[in-house]
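[1] Provided below are the primary sequence and the corresponding predicted coordinates.
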Amino acid sequence: MPKTIKKILSVIAIALLTASLGAIEEAFKAGKDSQKATELADTEKRLDDQIRALAERLQAMHTLRAIAPKVKLTPTQTIFATGKDEDGEYIELVAYTFNSQSFNIPRPVGTAAKTMRLYFNGNNLSHIKTIVDDQNFYEQYKYYTKVSHPNPTKGDPNEIQLATSYNKSVEVAEKSPDYKVKLGDIENDPTNPNRIKFKRDFYIENLIYFEKLFRFTFEFQKRGASNGDVETINRLKKSLRY
C-alpha cells in the first residue's frame, strides 16, 4: 500500500478515535451513568423533588372526579374511566396502541396499554398506579407490570413498589406476580445506577405524559361545555332579527 494512502488512513483513524473519545467524554460530563456515590445521591434527590412536583400537578386533576360521569371527550387512543379496588376509588386514563405482526406486516396481533390510576383522599392525591399490559397473540406473550406509588406528593419515591408477571391473567398477576420489589431495594451505585435510571428514564417521563393526558381530558370537557354556551348565545343574537 502506498505511503500516502497509509498516512491518509492513519489520519482518518485518529480523527474517528478522537471523535469517539469526545463523545464518550461528553457522556461522562453529562453525569448520566458514571457518577460517584455522592453525586448519585444529589442526582437522586433532584429526581425525587421533580417526581413530587409532578405529583402535585396531577393532584389538581381531582376536578375530573366531579365531572367523571359527563366525560365524553379524551385525547386520541385513550379511554377515561372510574373504578374501585383495594386502594379505594380512582379515576384512570388508558393509553393504548396495537402491536403489529412485524415492522413490515401491519396486521394487528395484540395490544399494548398503559394505564394511570389516580386515588384521592378528599382533594389530596393519595396514590398513583401505573399499569403496563403488553400482549402479542402471534408471538404468544403477555407482560403485566404495575408501579404502585403511595403518598406521591409528600412521601419518599423509594417506597414505590414494582411488580411484573409473564403470561398470566390480570387476576393472577395481581395476586401472585413473578417478581416484586420495592424501589428503595433496587441497586443504585456508580456501576449500576438502576434506581436513577428508573426515575430519570421512565417514571418522570411517565408522569409528564399522563399529566398532559389528564389535563387535556379536563380541557376537552370544558371546551365541549363552552361550545354549548356559544351555540345558545349565537341563537339568541340571531333572534334580534325579528
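    Cool, got the structure. Numbering: from 1, shown residues only.
[2] residues near F80, how many?
    The tally of other residues near F80 (other CB atoms under 10 Å) stands at 21. (Each C-beta comes from the backbone N, C-alpha and C, glycine too.)
[3] determine the next helix or strand in the C-terminal direction from the strand ranked longest in the chain.
    For the chain, the longest strand by residue count, based on DSSP state E, is strand 105-121. Next along the chain after strand 105-121, taking DSSP states H and E as the criterion, comes strand 124-136.
[4] what does that next one contact?
    For strand 124-136, contacts defined as CB atoms under 8 Å, 6 or more residues apart in numbering pick out 55-56, 58-59, 62, 87-88, 90, 99, 109-120, 141-153, 170, 206-207, 210.
[5] give the buried residues for the one helix or strand E89 maps to.
    Counting by DSSP H and E, the element that carries E89 is strand 88-102. By 16 or more other CB atoms under 10 Å, the buried positions in strand 88-102 come out as Y90, I91, E92, L93, V94, A95, N99.
[6] what would these look like in a markdown table with pLDDT and distance to V132?
    Shown next, in a markdown table, are these (pLDDT from 0 to 100; distance: CB to CB, whole Å):
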| residue | pLDDT | distance to V132 |
| --- | --- | --- |
| Y90 | 97 | 17 |
| I91 | 97 | 18 |
| E92 | 97 | 13 |
| L93 | 97 | 13 |
| V94 | 96 | 11 |
| A95 | 95 | 10 |
| N99 | 79 | 13 |
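[7] just put those in TSV and tack on distance to I67.
    Below are those laid out as TSV (distance: CB to CB, whole Å):
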residue	distance to I67
Y90	15
I91	10
E92	15
L93	14
V94	18
A95	20
N99	33
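[8] picking that back up, relative orientation of the strand holding E89 and strand 105-121 in degrees?
    Here the directions of strand 88-102 and strand 105-121 differ by 170 degrees (axes from the mean of the first three to the mean of the last three CA atoms, to 10 degrees).
[9] partner strands of strand 88-102, parallel or antiparallel?
    The strands beside strand 88-102 in its sheet (DSSP bridges) come out as strand 78-85 (antiparallel), strand 105-121 (antiparallel).
[10] for the protein, which spans come out with low pLDDT?
    Low-confidence segments of the chain (pLDDT under 70): 1-35, 224-236, 242.
[11] centroid residue for it?
    Among the residues of the chain, the one closest to the centroid is N206, at 1.7 Å (CA atoms, centre = their mean).
[12] and that residue, what does it touch?
    Neighbouring residues of N206 by CB under 8 Å, 6+ apart: K114, M116, T130, V147.
[13] which element is it on?
    Secondary structure from DSSP H and E places N206 in helix 204-238.
[14] quick revisit: check the strands paired with strand 88-102 for me and report the most buried one.
    The highest mean neighbour count among these, using mean count of other CB atoms under 10 Å, belongs to strand 105-121: a mean of 17.
[15] who's in contact with that strand?
    The contact list for strand 105-121, computed with CB under 8 Å, 6+ apart, reads 58-59, 61-62, 65, 83, 87-101, 125-139, 206, 210, 213-214.
[16] now it against strand 124-136, angle please.
    160 degrees.
[17] just how off-centre is strand 105-121 within its chain?
    The chain centre lies 11 Å from the centre of strand 105-121; the measure is CA atoms, centre = their mean, to the nearest Å.
[18] again with stretch 192-202
    Counting by CA atoms, centre = their mean, stretch 192-202 is centred 13 Å from the centre of its parent chain.
[19] which residues touch N158?
    Contacts of N158 were listed using CB under 8 Å, 6+ apart, and they are D48, K182, L183, G184, R195.
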